[in-house]
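Engineer: next comes the sequence, and after it the predicted model I'd like to discuss.
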Amino acid sequence: MPRITGATIAEHVAAQEAAVVDAAKRLFAERGVAAVSLGDIAAEVGLGRTSLYRYFPTKAHILQRWFDLEMLPLVEASRAVVEGHGTPAHRLTAWIDVQLDFLTEESHAMLTEASAGLEPLPDEVREHFAQRHRELYGTLTEILRSGGARRADVQRARAQLIAGLLRSAAQLAPGGVPQATLRRELHRSALAVAGL
């Protein structure tokens, strides 16, 4: 029987999951997702392969946990912006800054690359990712609603357009566009789309 390393079983499980995700991230970065087996990850952590299966049955499930470790703080930060003070325009620009910071982090690029290496993802993992994105963009919808977009179809259209602007900005960031210029133009464009 493996030794419990946390004060509680839940703490032990969380620590083991975090160790597995960290090992997977290192190995994926070194070798690429396709070249890393669950056995490789288990060995890196010091677990037997069957012990690893108790935590994660597939690499896609490791990716799902990694995704949650990245996304949950982003959703919380986005929720804090929505619940903060200021006009809808102020909250929208703050929300955009939070998203752009996340999208331009190296860890996000690594996660995106790992996800592409595991295509096609199992349906339940893909749905999990979609649910987290709905939570995230729900915070944007709240800002748009407070700014006067009452109809659901208008909110959805504006949110999708702003999401497209963010993706484009994240792609421009490594290409030498100064951060101040990028943020200023992104703010200006998003505010226009939002009607603020």
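Structural biologist: That came in fine, so what should we check first?

Engineer: use CA for all of it now, contacts and neighbours both
Structural biologist: Noted.

Engineer: now the helices for the protein?
Structural biologist: For the chain, the helices defined by DSSP state H cover 9-31, 38-45, 49-55, 59-83, 88-103, 106-117, 123-146, 152-172, 179-194.

Engineer: spatially nearest residue to the spatially most central residue of the chain (excluding sequence neighbours)?
Structural biologist: The centroid of the chain falls nearest to Met71 when counting by CA atoms, centre = their mean (3.6 Å). In space, Met71 comes closest to Arg132 once its chain neighbours are excluded; the distance is 7.2 Å by CA to CA, 6 or more residues apart in numbering.

Engineer: from Thr141, how far out is that neighbour?
Structural biologist: To Thr141, Arg132 is 14 Å away according to CA to CA, to the nearest Å.

Engineer: could you chop the protein up by domain?
Structural biologist: Here the domain parsing of the chain from automatic domain parsing is 1-57, 59-194.

Engineer: ok, back up a step: could the helices of the chain go into TSV alongside mean pLDDT?
Structural biologist: Shown next, in TSV, are the helices of the chain (pLDDT from 0 to 100):
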stretch	mean pLDDT
helix 9-31	92
helix 38-45	95
helix 49-55	90
helix 59-83	96
helix 88-103	97
helix 106-117	90
helix 123-146	95
helix 152-172	95
helix 179-194	96
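
Engineer: and Arg151, its phi and psi?
Structural biologist: Taking degrees, to the nearest 10, you get phi -80, psi 140 for the backbone angles of Arg151.

Engineer: hang on, the earlier thing: my read: the residue nearest to Met71 touches Pro73, true?
Structural biologist: No: at 11.3 Å, Arg132 does not count as touching Pro73 under the criterion of CA atoms under 8 Å.

Engineer: between these two, who's got more neighbours?
Structural biologist: Arg132 (16 against 11; other CA atoms under 10 Å).

Engineer: these two touch, right, Thr93 and Glu185?
Structural biologist: No: between Thr93 and Glu185 there is no contact under CA under 8 Å: 10.9 Å.

Engineer: please identify which of those two sits among more neighbours.
Structural biologist: Thr93 (19 against 14).

Engineer: and the more buried one, what does it touch?
Structural biologist: When contacts are counted by CA atoms under 8 Å, 6 or more residues apart in numbering, Thr93 touches His187, Leu191.
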